[in-house]
Every structure is written in C-alpha cells, then in structure tokens.
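Participant: here you go, sequence then predicted model.
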Amino acid sequence: MITVILVAHLMLAISLVGVVLLQKSEGGALGMGGGGMSGFMSGRSTANLLTRTTAVVAACFFATSIALAVLAAHQRAPTSVVDQPGTAAPQSTPTPQPAIPAVPQAPSAPLAK
C-alpha cells in the first residue's frame, strides 16, 4: 500500500514540476504559447488550463503526502516511555563492589626503654 502511494507521490512531484515550468513566467522566457502562437488554444485559455492543472496536481500531492505520513506513523511501534503506559524504564542496578579487606595490624609491642 505504501509503495503504491509512494510511486504515485513521486509521479505527482515530477508532473507538478513540469506543469509549473510550462506556465508563463514574468518575462515569458520559459512559458509556452508566445505572442505569435497560432495553436488550437489561445494564451488566456492555456493559462487557465495550466493554473487549474497545477492546483489539481498540487492538491493530489498534498493528499499523498498526508497519507504517507499517517501510514508511516501507524506502521512504527511506539518507542517512547511515555507512549508505553504499562512499562517502566529499565533501571540500572549498581554492580556490587567487593569489600575491601581490613589490613590486619601487627600487635604493638611495648616500647623498650
């Protein structure tokens, strides 16, 4: 399921880039349908078509983005301690230190005078 949505998402991303590049820019350098175009569509209808196509492709792109985010969130197991109410964080137990043996003291002999 995720693979199908991901492939559709990538195709939408590529088509969105293409549709945006086809639109007429401020200078008209990259836009299709220059001043002397005598095609089947006028410049105004081409702009309307490209604008509507961009809006539809962008809406589909956003929908697939949200769908992928939701599916990815449901696929993962919770990893936070807050998300797991029945379990506690593992507590580290201190390693027992060996007792330091007491150094036996030699009996003190009376001082000879």
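Facilitator: Here it is on my side, so go on.
Participant: going by C-alpha atoms from here, please, whenever you check contacts or count neighbours.
Facilitator: Fine.
Participant: which helix or strand contains the closest residue to Ile2 other than its chain neighbours?
Facilitator: Nearest residue to Ile2, sequence neighbours excluded (C-alpha to C-alpha, 6 or more residues apart in numbering): Leu68, at 6.8 Å. For Leu68, the element it lies in under DSSP states H and E is helix 43-75.
Participant: hang on, the earlier thing: wait, what's in contact with the residue nearest to Ile2?
Facilitator: Neighbouring residues of Leu68 by C-alpha atoms under 8 Å, 6 or more residues apart in numbering: 2, 5-6.
Participant: secondary structure, neighbour count and pLDDT for those - can I get that in TSV?
Facilitator: Listed next are the contacts of Leu68 as TSV, based on DSSP: H, G, I helix; E, B strand; the rest coil; neighbours: other C-alpha atoms under 10 Å; pLDDT from 0 to 100:
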residue	secondary structure	neighbour count	pLDDT
Ile2	helix	13	89
Ile5	helix	16	94
Leu6	helix	15	94
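Participant: what is the nearest of these to Gln97?
Facilitator: Ile2 (52.9 Å; C-alpha to C-alpha).
Participant: okay but that closest one is in contact with Val70, surely?
Facilitator: No: counting by C-alpha atoms under 8 Å, Ile2 stays clear of Val70, with 10.3 Å between them.
Participant: who does the helix or strand encompassing Gly18 touch, helix- and strand-wise?
Facilitator: Under the criterion of DSSP H and E, Gly18 resides in helix 2-22. Contacts defined by 3 or more C-alpha pairs under 8 Å, 6 or more residues apart in numbering; DSSP states H and E place helix 2-22 against helix 43-75.
Participant: can you list the buried residues in the helix it packs on?
Facilitator: Of the residues in helix 43-75, those with enough neighbours to count as buried (16 or more other C-alpha atoms under 10 Å) are 43, 46-47, 50, 53-54, 57-58, 60-61, 64, 67-68.
Participant: good, we can wrap up now.
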